[in-house]
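J.: no sequence on this one, just coordinates:
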């Protein structure tokens, strides 16, 4: 079983899924070193990071060669931003600020071929080597992000109408904290209540769910709250943790 099939099975069964982010460091060599057997996916951030559908191509190619599922977080829910990422070799997309059924219809149309969607058939990285047309939709992944009260309120209808296409529901905690009136305070009572509500809705509908985790401490906390997708840290986080530890140790030398 390859990693694409393994990820699809884990999400279907709501097993623990581990992912991480490249946001600032556009380095195929670094990506190659980051790969590990228990890493289920890597996400390239085109919303808040340096990436777009042109400069991410080499990273998508390296991911494909390693057999590592690669997602792109789109700048917005627009057909051309999602379909182009898939054309270039992304295995799935994360869609920020999802709060309408129309956004999900657009995302499905851009991700999948007719009759499920309306994606155009083209792009050098669209298919994996040897992949049959009929197998395409089995391991292409859609992760809408819930980041507002409107998104939370509509989530049950999203899952009822588009649940078969949604691989996992993901919370963007920092944007959600802004929308809920506690900017960047992701541990506030109102935030914890909202996070728990999203997890509870997903669990009630049997859908995988997750949240961005700054570190392993928050990953454990959210796991205990009921999520299974632990999308943890960014390239900058890893760099700064190692940098601080090493420089603090050097500064302590007498």
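T.: Looks like it came in fine. Note that the coordinates shown come from a computational prediction; the quantities given were computed from them, not determined experimentally.
J.: could you pull out the strands for the stretch 51-200 of the chain?
T.: Using DSSP state E, counting those that start in this stretch, the strands of the stretch 51-200 of the chain run over residues 70-73, 92-95, 141-146, 169-171.
J.: Mind giving me the packing neighbours of the second one?
T.: In this structure, strand 92-95 packs against strand 70-73, helix 79-87, helix 101-111, strand 141-146, with contacts taken as 3 or more CB pairs under 8 Å, 6 or more residues apart in numbering; DSSP states H and E. All C-beta atoms are positioned from the backbone trio N, CA, C, and that covers glycine.
J.: For residue 155, which of those is the nearest?
T.: strand 141-146 (6.1 Å; CB to CB).
J.: just to revisit the earlier point, may I see the helices and strands packed on strand 92-95 organised as JSON lines, with mean neighbour count, distance to residue 209 and mean pLDDT added?
T.: Listed next are the helices and strands packed on strand 92-95 as JSON lines, based on neighbours: other CB atoms under 10 Å; distance: least, CB to CB, whole Å; pLDDT from 0 to 100:
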{"stretch": "strand 70-73", "mean neighbour count": "26", "distance to residue 209": "16", "mean pLDDT": "98"}
{"stretch": "helix 79-87", "mean neighbour count": "22", "distance to residue 209": "21", "mean pLDDT": "96"}
{"stretch": "helix 101-111", "mean neighbour count": "20", "distance to residue 209": "16", "mean pLDDT": "98"}
{"stretch": "strand 141-146", "mean neighbour count": "25", "distance to residue 209": "9", "mean pLDDT": "98"}
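J.: As JSON lines, the ones you listed with distance to residue 40 would be great.
T.: Output for the helices and strands packed on strand 92-95, formatted as JSON lines (distance: least, CB to CB, whole Å):
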{"stretch": "strand 70-73", "distance to residue 40": "10"}
{"stretch": "helix 79-87", "distance to residue 40": "18"}
{"stretch": "helix 101-111", "distance to residue 40": "19"}
{"stretch": "strand 141-146", "distance to residue 40": "10"}
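J.: Grab the most central residue of this protein for me.
T.: Nearest to the mean C-alpha position of the chain, counting by CA atoms, centre = their mean, stands residue 94 at 4.7 Å.
J.: Next, the nearest residue to residue 199 once chain neighbours are set aside: phi, psi?
T.: Take residue 199 and drop its neighbours on the chain: the residue closest to it by CB to CB, 6 or more residues apart in numbering is residue 226, 4.2 Å away. In terms of degrees, to the nearest 10, the main-chain angles of residue 226 are phi 120, psi 10.
J.: which residues does residue 226 contact?
T.: 196, 199, 200, 203, 209 (CB atoms under 8 Å, 6 or more residues apart in numbering).
J.: wait, which of those residues is closest to residue 44?
T.: Nearest to residue 44 among these, with distances taken as CB to CB, is residue 209, at 21.5 Å.
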